[in-house]
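Need a 3D model of the following:
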Amino acid sequence: MIDYNVIAQFNPSFDNQQLIAVETNSFIKKPKQRAKTPIFSWQKVKDKVVVPVGNQEIITDIVVLFVDAEGNLIQSKTKPEIITQEFKLQPGDIYREDLAQSGLQRIFNLVIVNRASLSLEKVGANQVIMAIAIEENSNLSIGFDLTLPPPTALQGSVRPLTVQALSDSSSGFTTGVQIGLLNLGGSNQGVSLGVEGGTEAFGFNLGYRKFLRYDRGFGINLYNRRGIEAEYDEGNPEINLDNGTDPVVHRFGGGVEYFQSLAKDWQSAVGISYQRVSVRDGVFSANIESQDALGNRLTVSDNGQDDLLTLNFATVLNRADNPRNPTRGYKFQFGSDQYLPIGDASILANRLAANYTHYFPLPLFGFSKGAKTLVLNLQTGTILGDAVPYESFILGGSSLVRGYGASEISTARSFVQGTIEYRYPILTVNAFKTEIDLGGTFFLDYTNDLGSADAVIGQPAIVRNRPGNGFGYGLGLRALTPIGTVRTEFALNDEGETKFIFDIGDRF
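Purely as a prediction, here's the structure:
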């Protein structure tokens, strides 16, 4: 890395010129010299990266400068090659605007980077130094979302679900917090600890991620979680353990994954995971149960502990126009979990799941300026082989069919589900110096287990008289906030029951 003083040797006028500004008013000052104007007008205009046009100059060197929010040069532990490796330009190359622009875009996508800018510093006849200015993100992250960005092949609470019907989630109210340390050793790697708790669940996830480039790397996690899961909860009749308590599913395991972009808008991940699953008579109990009070199987093995070894694959093709509030385009997700037979349970199966969402601009009505969007969503899944109850598809709930509780429709080997939702703007409010867009929704959800509930080991839906299909409809409010989409919804189902829903995070 060449610092300020080295650049100054090549260019004596550097003291007083704008280094980083290109069609902006931004600049870098010497160390300890305070910027007299606001922070950088960083080179991104309406989400488009802007770089110098150039004039066939030869790049003599590439330097990385780290700055604070006010534009002052600072020391950083980040290794310069973490930044420079994202460019397909090297010293000795002729500067090309397209390669500079694509490289700077990749820099913006690094999790350790908050803002970035690029300029050309003339150091001789038709020669330039390519200078990259970086404002880093904080090395400490705290959030309330336990999941990793999709896709990931890791299991546990970090996994974003390909379809919301995957059953390894707790019933009742749960929340969590995740603390992470980023950019350890200046090498774009980090560790995180997520803790989850609620009325019927408790657990943790310890993770490590190493980015080899902006769009690829590997991860490792270890998790331990106990909770009452929806497939064994409530019902008509409600079936508990011999002592009258709800079955508590204990999951302990971990895995390793490799993730990489296959194209600009197409990401995939592969991995291998192991978990030991048991059912207990309390969140903190050591007593293991393999059957409920009526003799229905809760686990595959007679000793009440199942070992699961899975090869995991997940992929996301996202061609929606806006990650925060999509208004046009589509998103497709697919996942496969291949269970390899090990231990007493010897489970052999392949769980397949797919999720497709399409966004259509449809200006029917609204109460203010903003996007008016029709959303169509289709989800489906099936299990080839052993359909284990705690790994099957649960149908019903706020993220599936609104108006029903989790698993109130079925626990199934296979399913299909569809949603039609119309989103419209209401108003924009200012809260805590932030603009929050408030909108409304009308929705209709439907799902069907395709008669597959009796193929699940222990038949949890059959013995609890779940209907197997159902629909819900209603209306709601959506607030686009800094912490995510906040949803408040009122839903009715086809049996005349109602649900009030409050949730953080979008459904699709």
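
CA atoms for contacts and neighbours, from now on please.
Will do.

what's the weakest-modelled helix or strand in this protein?
Each helix and strand of the chain was given a mean pLDDT (mean pLDDT, DSSP states H and E); the minimum falls on strand 44-45 at a mean of 44.

burial of the nearest residue in space to Gly385 that is not next to it in sequence, as a residue count?
Closest residue to Gly385 apart from its sequence neighbours, by CA to CA, 6 or more residues apart in numbering: Ala349 at 4.2 Å. A count of nearby residues for Ala349, using other CA atoms under 10 Å, gives 18.

and the helix or strand where Val375 lies, what does it pack onto?
Take DSSP states H and E as the rule and Val375 turns out to sit in strand 373-385. Strand 373-385 sits against strand 349-361, strand 414-431, with contacts defined as 3 or more CA pairs under 8 Å, 6 or more residues apart in numbering; DSSP states H and E.

isn't Asn312 right up against Gln338?
Yes - counting by CA atoms under 8 Å, Gln338 is a contact partner of Asn312 at 6.4 Å.

out of those two, which sits in the more crowded spot?
Using other CA under 10 Å, the more surrounded residue of Asn312 and Gln338 is Asn312, with 24 against 21.

partners of that one in the sheet?
Asn312 forms beta bridges with Gly271, Asp337, as assigned by DSSP bridges.

Pull up the gap between it and Lys331, please.
20 Å (CA to CA, to the nearest Å).

Kindly report the same for Phe87.
Taking CA to CA as the measure, Phe87 falls 28 Å from Lys331.

The residue nearest to Gly385: what's it in contact with?
By CA atoms under 8 Å, 6 or more residues apart in numbering, Ala349 lies in contact with Gln338, Tyr339, Leu340, Ile383, Leu384, Gly385, Asp386, Ala387.

Now with 6 Å, please.
When contacts are counted by CA atoms under 6 Å, 6 or more residues apart in numbering, Ala349 touches Tyr339, Leu384, Gly385, Asp386.

Most neighbours among these, which one?
Using other CA under 10 Å as the neighbour criterion, Tyr339 leads the contacts of Ala349 with 22 neighbours.

Where does pLDDT dip in the stretch 301-450 of the chain?
For the stretch 301-450 of the chain, applying pLDDT under 70 flags no range at all.

now do 80
432-433 (pLDDT under 80).

same check, this time on the chain
The model of the chain has pLDDT under 80 over residues 1-48, 144-150, 157-162, 164-175, 198-200, 432-433, 483.

Can you pick out the residue with more neighbours from Phe87 and Lys331?
Counting neighbours by other CA under 10 Å for Phe87 and for Lys331 shows that Lys331 has the greater number, 20 against 16.

Now do the SS call for that one.
Here Lys331 is strand, with the state taken from DSSP: H, G, I helix; E, B strand; the rest coil.

Scan this structure for its longest helix.
Ranked by residue count under DSSP state H, the longest helix found in the chain is helix 97-108.

Show me which residues of stretch 372-391 are buried.
Residues 372-383, 386-391 are the ones in stretch 372-391 that count as buried (16 or more other CA atoms under 10 Å).

continuing past the helix or strand containing Asn205, what's the next helix or strand?
Assigned by DSSP H and E, Asn205 falls within strand 201-213. With elements assigned by DSSP H and E, the helix or strand that comes after strand 201-213 is strand 216-227.

And the next helix or strand past that following strand?
For strand 216-227, the following helix or strand on the C-terminal side (DSSP H and E) is strand 248-263.

So what touches that following strand?
Applying CA under 6 Å, 6+ apart, the contact partners of strand 248-263 are 153-154, 215-228, 267-282.

Distance-wise, check Arg96 relative to Ile342.
Distance from Arg96 to Ile342, by CA to CA: 55 Å.

same check, this time on Tyr330
Tyr330 sits 39 Å away from Ile342 when distances are taken as CA to CA.

Compare those two (neighbour count), which wins?
Using other CA under 10 Å as the criterion, Tyr330 and Ile342 rank with Tyr330 on top: 19 against 13.

Dig out what the nearest residue to that one once chain neighbours are set aside forms beta bridges with.
Leaving aside its sequence neighbours, Tyr330 sits nearest to His358 (CA to CA, 6+ apart; 4.3 Å). For His358, the beta-bridge partners are Tyr330, Leu376 (DSSP bridges).

can you check Leu480 too?
Beta-bridge partners recorded for Leu480 (DSSP bridges): Asp437, Thr485.

ok, how many other residues are close to it?
19.

Touching, it and Gly439? I think so.
No - in this structure, Leu480 is not within contact of Gly439 by CA atoms under 6 Å, at 8.4 Å.

In contact with Leu241, which residues are there?
Asp292, Ala293.

mind checking how far it is from Ser76?
57 Å.

Need the three-state assignment for Asp503.
In three-state terms, and counting by three-state DSSP, Asp503 is strand.

Could you check how far the closest residue to Val486 other than its chain neighbours is from Gly484?
Nearest residue to Val486 in three dimensions, chain neighbours excluded: Ile504, at 4.5 Å (CA to CA, 6+ apart). As judged by CA to CA, Ile504 and Gly484 stand 7 Å apart.

quick one, which of these two is more surrounded?
Just comparing Ile504 and Gly484: by other CA under 10 Å the higher neighbour count belongs to Ile504, 16 against 13.

That one against Glu489, yeah?
No - in this structure Ile504 lies outside contact range of Glu489 using CA under 6 Å: 11.5 Å.

give me the element Leu154 is part of.
Here Leu154 is assigned to no helix or strand, by DSSP H and E.

Just give the nearest non-adjacent residue to it, would you?
Distance criterion CA to CA, 6+ apart; nearest residue to Leu154, sequence neighbours excluded, is Gly255 at 5.9 Å.

next one: Gly143
Leaving aside its sequence neighbours, Gly143 sits nearest to Gln178 (CA to CA, 6+ apart; 5.3 Å).

Does that neighbour touch Thr147 like I think?
No - applying CA under 6 Å as the test, Gln178 and Thr147 come out as separate, 9.1 Å apart.

Convert the C-alpha atoms of the strand holding Val375 to CSV, please.
What follows is strand 373-385, C-alpha atoms only, in CSV (Å, rounded to 0.1, in the frame of the first residue of the first chain):
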residue,chain,number,x,y,z
THR,A,373,-47.3,-3.5,-7.1
LEU,A,374,-49.0,-6.8,-7.7
VAL,A,375,-47.1,-9.7,-6.1
LEU,A,376,-47.6,-13.3,-7.2
ASN,A,377,-45.8,-16.1,-5.2
LEU,A,378,-45.8,-19.8,-5.7
GLN,A,379,-44.0,-22.3,-3.4
THR,A,380,-43.8,-26.1,-3.5
GLY,A,381,-41.8,-28.9,-2.1
THR,A,382,-41.6,-32.6,-1.7
ILE,A,383,-39.6,-35.3,0.2
LEU,A,384,-38.3,-38.3,-1.7
GLY,A,385,-37.7,-41.1,0.8
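
Please consider this matter closed, and thank you.
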